[in-house]
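> this one's sequence-less:
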């Protein structure tokens, strides 16, 4: 391993910290690849809980990394993932989903024996399959997905309580190291999350339904309304609060959501088809003025929706 | 007219008020049929602005009407629409859309010469067409729709600033009395609304796009997710904040939205068809992994959505 022969060079940040060992597991060196809202918030809470010593940030933008040092989110940084993960006990990949597998390949030769790697990507099946057999023996990968976030992005929006009371899904496979899995579970529990273990494909189906499908629909709805050119003015001007809330997620990053749709293609297409059938049924009832069936559909929906809010 | 031969009997509320004449137009007697969130809030702001003398409430539930008196929203009440509108200078019908035309027929013989009737229904074409020729000469109808509301309903949720800075669409036809239209415009301007005059059919198309379609989609989406029975648990448990915001409108009244879908059937079906085409296009791009076109669609949508939020 190259790591044994190099002295790690960082490009910025030279903070050193006294080691504290308040919480088990304790990671002497944590490397966060992708210091944004999620990566930054996780670094903040793990520091606060005394679970990590030194925190190294890896990113593409020097100014973002400098801001992260200034905000005390990371101690040191580099733009080179290989240099960043050397000697790390825990590596968290918090970059866009499309880049995770490539990054894993890139850092694999530089990870030290016993290192644990985890990610926070919104799609898990492909990533878990790609990592198996990719990492050398003695280095462990645990797939993770904290279901938390805000409309904001970037390390400037990070805060240590982001994950509190939110679900975090871990997707171990039969090959996942039990000890590494337990440590990652403790990491997310320390962050305040409700940790759930789940098969990666099940995760992808569920997220396709409750997250990916709504995004596709929101984007599509805004375009539908925007494309109504029957009048001399944009009818979006007539949207009220309901429409704005409903379409908030259409303000999300187009590139991020393209990647999610493509990486989770099968499950997303399946959910779109199911939705098309549901909408088509409702459209049929409206066409035939079947008030009884319309109320039945709306009522079922209202009851299901009200039930998730009460929780 | 029967009104000339009756002494109006109210069932409750016996407040009398000194007449004030702060604002033009001044309505000595205002009758609100349907004292809920919208009707109640309008009564409150018109009283506050000194635009009305006595306020009579008409409803089906005595306890609601008693609450409205207690909250100082109305002065007197009756459950009989005919009795309620006698001697009224302004009548506001704030009941569910499906009941408006029927109520108009019922109260028509009891309205006094010079009375103005308006409504607040979310669908206008049918109502405007049905009223024309229904009311005796000298009694004027002006269709209206304040685009305001909250998740709450009922007079207990009413507040005088509900309409402030919200659009209120009035839908005069060629037959609408100009003077009556001007008075109703002043009523909504006094309530703080941005008043817009528009053809009733145009109103119905626009609202089908920005309000009725999103409701149909939200109901349909929740049912789609709720119907995924592939796992041993309800996957709605995995919904995060985005899904909850997105589906808030699925918690609206099923009966109210059935009525809106049926009364505005043509426009709603047209918008569902447009949306189906937009979603189908996007689905095709995902199927063929056309990342370029997916980003183009998402980006167009994000820009349109961001533009309405900045306003």
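In hand now; what should we look at? Note that this is a predicted model, so its numbers are computed, not measured.

> how many neighbours does whatever residue of the stretch 51-200 of chain A ends up closest to chain B have?
Of all residues in the stretch 51-200 of chain A, the one sitting closest to chain B is residue A:147 (4.8 Å; C-beta to the nearest C-beta). Every C-beta, even on glycine, is put in place using the N, C-alpha and C of the backbone. When neighbours are defined as other C-beta atoms under 10 Å in any protein chain shown, residue A:147 has 22 of them.

> quick one: it and residue B:209, what's the gap?
Distance of residue A:147 to residue B:209, computed by C-beta to C-beta, to the nearest Å: 32 Å.

> swap in residue A:279?
Distance from residue A:279 to residue B:209, by C-beta to C-beta: 15 Å.

> Who has more neighbours out of the two?
Counted by other C-beta under 10 Å, residue A:279 and residue B:209 do not tie: residue B:209 has more neighbours, with 28 against 22.

> Now for the more buried one: which residues touch it?
Applying C-beta atoms under 8 Å, 6 or more residues apart in numbering or on different chains, we find residue B:209 in contact with A:224-225, A:228, A:235, B:271.

> Show the backbone phi and psi for it.
Phi and psi for residue B:209, reported as degrees, to the nearest 10, are phi -80, psi -50.

> Looking at it now. What's its pLDDT?
Here, the pLDDT recorded for residue B:209 equals 95.

> Same question for the one 5 residues further on.
Here the pLDDT value assigned to residue B:214 is 94.

> give me phi/psi at it?
Dihedral angles for residue B:214 - degrees, to the nearest 10 - are phi -60, psi -40.

> how about it, what does it touch?
A:221, A:242-243, A:246-247, B:249.

> Mind picking the lowest-pLDDT entry from the contacts of residue B:209?
residue A:235 (89).

> List the contacts of it.
Residue A:235 sits in contact with A:225, A:228, B:205-206, B:209-210, where contact means C-beta under 8 Å, 6+ apart.

> where are the low-confidence patches of the stretch 151-300 of chain A?
A:151 (pLDDT under 70).

> Walking through chain A, point out its strands one by one.
Ranges of strands within chain A are A:27-33, A:52-58, A:76-78, A:90-93, A:116-119, A:140-142, A:144-146, A:167-170, A:194-197, based on DSSP state E.

> Same list (those) but as a markdown table, adding mean neighbour count and distance to residue B:189.
Listed next are these as a markdown table, based on neighbours: other C-beta atoms under 10 Å in any protein chain shown; distance: least, C-beta to C-beta, whole Å:
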| stretch | mean neighbour count | distance to residue B:189 |
| --- | --- | --- |
| strand A:27-33 | 24 | 55 |
| strand A:52-58 | 26 | 56 |
| strand A:76-78 | 23 | 58 |
| strand A:90-93 | 27 | 56 |
| strand A:116-119 | 25 | 56 |
| strand A:140-142 | 25 | 62 |
| strand A:144-146 | 25 | 49 |
| strand A:167-170 | 22 | 49 |
| strand A:194-197 | 15 | 51 |
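
> Out of those, which is closest to residue B:47?
strand A:167-170 (48.8 Å; C-beta to C-beta).

> and the closest one, how far from the chain's centre?
Averaging C-alpha positions (C-alpha atoms, centre = their mean, to the nearest Å) puts strand A:167-170 10 Å from its chain's average.

> what do you get for stretch A:266-278?
For stretch A:266-278, the distance to the chain centre is 22 Å (C-alpha atoms, centre = their mean).

> quick one: that stretch near chain B?
Yes. Judged by C-beta under 8 Å from any C-beta of the partner chain, stretch A:266-278 and chain B are in contact via A:268-269, A:271-276, A:278.

> Can I get the buried part of these as one ChimeraX selection?
Of the residues of stretch A:266-278 next to chain B, the buried ones can be selected in ChimeraX as follows, counting by 16 or more other C-beta atoms under 10 Å in any protein chain shown:
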select /A:268,269,271,272,274,275,276,278
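
> Count the residues that sit near residue A:9.
Neighbour number of residue A:9 under other C-beta under 10 Å is 9.

> Repeat that for residue A:303.
Neighbour tally, residue A:303, other C-beta under 10 Å: 14.

> just residue A:69 next, same as before
So residue A:69, with other C-beta under 10 Å, has 20 neighbours.

> How about it, nearest residue that isn't a chain neighbour?
Closest residue to residue A:69 apart from its sequence neighbours, by C-beta to C-beta, 6 or more residues apart in numbering or on different chains: residue A:13 at 4.0 Å.

> just residue A:246 next, same as before
residue B:214 (4.9 Å).

> how far away is the one you found from residue B:249?
Counting by C-beta to C-beta - residue B:214 and residue B:249 are separated by 6 Å.

> Identify the contacts common to these two.
By C-beta under 8 Å, 6+ apart, residue B:214 and residue B:249 have these common neighbours: A:242, A:246.

> okay, residue A:20: pLDDT?
With respect to pLDDT, residue A:20 has a value of 58.
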